[in-house]
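[1] curious how this folds, go ahead:
(4 chains)
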Number of protein chains: 4
Amino acid sequence: MVKDGTAGFYNKDLFSQHIGIELLASSTGEARARMEIKDHHLNSMGTVHGAALFALADAVFAVASNSHGNIAMAINAHISFMQAAREGVLIATGREISLGPKLASYKIDITAEQGALIATFQGMVYRKKETHW
Amino acid sequence: MVKDGTAGFYNKDLFSQHIGIELLASSTGEARARMEIKDHHLNSMGTVHGAALFALADAVFAVASNSHGNIAMAINAHISFMQAAREGVLIATGREISLGPKLASYKIDITAEQGALIATFQGMVYRKKETHW
Amino acid sequence: MVKDGTAGFYNKDLFSQHIGIELLASSTGEARARMEIKDHHLNSMGTVHGAALFALADAVFAVASNSHGNIAMAINAHISFMQAAREGVLIATGREISLGPKLASYKIDITAEQGALIATFQGMVYRKKETHW
Amino acid sequence: MVKDGTAGFYNKDLFSQHIGIELLASSTGEARARMEIKDHHLNSMGTVHGAALFALADAVFAVASNSHGNIAMAINAHISFMQAAREGVLIATGREISLGPKLASYKIDITAEQGALIATFQGMVYRKKETHW
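    Next up is the predicted model:
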């Protein structure tokens, strides 16, 4: 289930849609998305591009961090690549690991269908007083 | 000028082409690319998506790190977002900051046309013995 | 319980001992340590110094990553600071999040006695063929 | 030369003094420090501990980020280790790479006396309205 407000927020994310990322679920501080691997996700070696993995994690990061209603702006992110992915579906699952009045942090794991860990992502946002809805 | 071998390598990078990133120049350990901001680069707030900025830096990272001829695989990357970008052209410029037999590191800066720093990226690769060309 | 071999490895870590870090437990791919906050851990604001928190996490990172017997050398690390700590005991708990023949990644959480998350650390090592014992 | 106000700030940094870090210079947004390698800086392999390198960079980060007078609190930091160091003197040189009203970023390089790059550090702070002096 996608949290109220979040669906409208995600529908305006043109980049994530250009990549072909589908939001599966969201709740306060959490989100999950999927990406079915297509040719346009591949790098020069024929495996999923690091930036496509980043995009998948970042879509979850944006939804989870904006789920409180306050505008949350990414200030930095770190991604580690564990294993190459070539085909099938990738799932990104994110959760909040800290929430302060101004700053919050999120951890997103990307796994293959069989559960293999493909990449881990950690990102931090600056939270504005302005709200989305 | 784009280094011999690198042009062929970059032409196989389907993801970067899907995003609309153009390789401008490369030499050993270095590369430069541009991205003209289009609607499909935008996030829910109408500014350039963090993952689009990551993709631009990552394209430069891949070319610079593979420019020695050895296959270089990204193991992790860190990006910091300095300022929002909305329109115009973004330029990513990367250089090698360390080169060992197995590991190498790269720093990529993304700037707007007027020179404002939009994001900084640092990435590390694992270098295989196998070569591209 | 501290894994065989690991105790000897940790005893040679002069820096961690200078800081006052005590190894509590280790097993393959995992470790836990504690640091009782003393004046020499404080920064200019009177809270625990970011580098003291890093040192605590890094001690756990070193033990966990060297627990397989192969020499593991840190190649990078990322730390996020969630909350200031002022007194009492800090605990760092680390686990392996990926293990390849050459590279492995570890995640370490630092918590206060009441369980509050003080900092999160993620680090990657390069694994040599040479072994410790 | 050490900027006015900064000397007093650094003198209260008990952790950096416990490690043996000496502040060499500071100006607005910049700082430089040195650490003469002693036994208590070494890890289990007999080279300078990653956390000792982090401490050296972090001391410079704290001084540079607090040099504007506003209280600056570290929110995260990333360090990459390029080369092992065993003896002699290490120098850390830091500069501001972005400065906003709430957030600022700093890049610190650690070099050996001969100029070899030992580690690079990037850190971000949250800037409070309260000032130090």
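[2] report all helices and strands that the helix or strand that contains residue A:17 contacts.
    Assigned by DSSP states H and E, residue A:17 falls within helix A:14-19. Packing partners of helix A:14-19 (3 or more Cβ pairs under 8 Å, 6 or more residues apart in numbering or on different chains; DSSP states H and E): helix A:50-66, helix B:14-19, helix B:50-66. Heads up, the C-betas are built off the backbone N, CA and C, glycines and all.
[3] elements contacting the following helix or strand past the shortest one?
    Following helix B:14-19 in sequence order, the next helix or strand is strand B:21-27 (DSSP H and E). With contacts defined as 3+ Cβ pairs under 8 Å, 6+ apart, the secondary structure elements packing on strand B:21-27 are helix B:6-11, strand B:30-36, helix B:50-66.
[4] could you redo the last one with a cut-off of 7 Å?
    strand B:30-36, helix B:50-66 (3 or more Cβ pairs under 7 Å, 6 or more residues apart in numbering or on different chains; DSSP states H and E).
[5] what's the angle between it and helix B:50-66?
    30 degrees (axes from the mean of the first three to the mean of the last three Cα atoms, to 10 degrees).
[6] buried residues of strand B:21-27, list them for me.
    B:21, B:23, B:26 (16 or more other Cβ atoms under 10 Å in any protein chain shown).
[7] quick one, longest strand in chain A?
    Determined from DSSP state E, the single longest strand within chain A is strand A:117-131.
[8] just checking, what packs against it?
    On a contact count with 3+ Cβ pairs under 7 Å, 6+ apart, strand A:117-131 meets helix A:50-66, strand A:70-81, strand A:103-112, strand C:89-99.
[9] same list (the ones you listed) but as TSV, adding distance to residue C:61 and mean neighbour count.
    Formatted as TSV, the helices and strands packed on strand A:117-131 follow (distance: least, Cβ to Cβ, whole Å; neighbours: other Cβ atoms under 10 Å in any protein chain shown):
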stretch	distance to residue C:61	mean neighbour count
helix A:50-66	23	29
strand A:70-81	14	23
strand A:103-112	17	22
strand C:89-99	6	19
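[10] TSV for these, including distance to chain D and mean pLDDT?
    Below are the helices and strands packed on strand A:117-131 laid out as TSV (distance: least, Cβ to the nearest Cβ, whole Å; pLDDT from 0 to 100):
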stretch	distance to chain D	mean pLDDT
helix A:50-66	14	98
strand A:70-81	6	95
strand A:103-112	6	96
strand C:89-99	12	96
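[11] quick one, which of these gets closest to residue D:129.
    Among these, strand A:103-112 comes nearest to residue D:129, with 15.6 Å by Cβ to Cβ.
[12] number of nearby residues for the residue lying closest to residue A:117 once chain neighbours are set aside?
    Leaving aside its sequence neighbours, residue A:117 sits nearest to residue A:82 (Cβ to Cβ, 6 or more residues apart in numbering or on different chains; 5.1 Å). As a burial measure, residue A:82 scores 24 neighbours (other Cβ atoms under 10 Å in any protein chain shown).
[13] what parts of chain A come near chain C?
    Residues of chain A that fall close to chain C, judged by Cβ under 7 Å from any Cβ of the partner chain: A:78, A:80, A:82, A:97, A:98, A:105, A:117, A:120, A:122, A:124.
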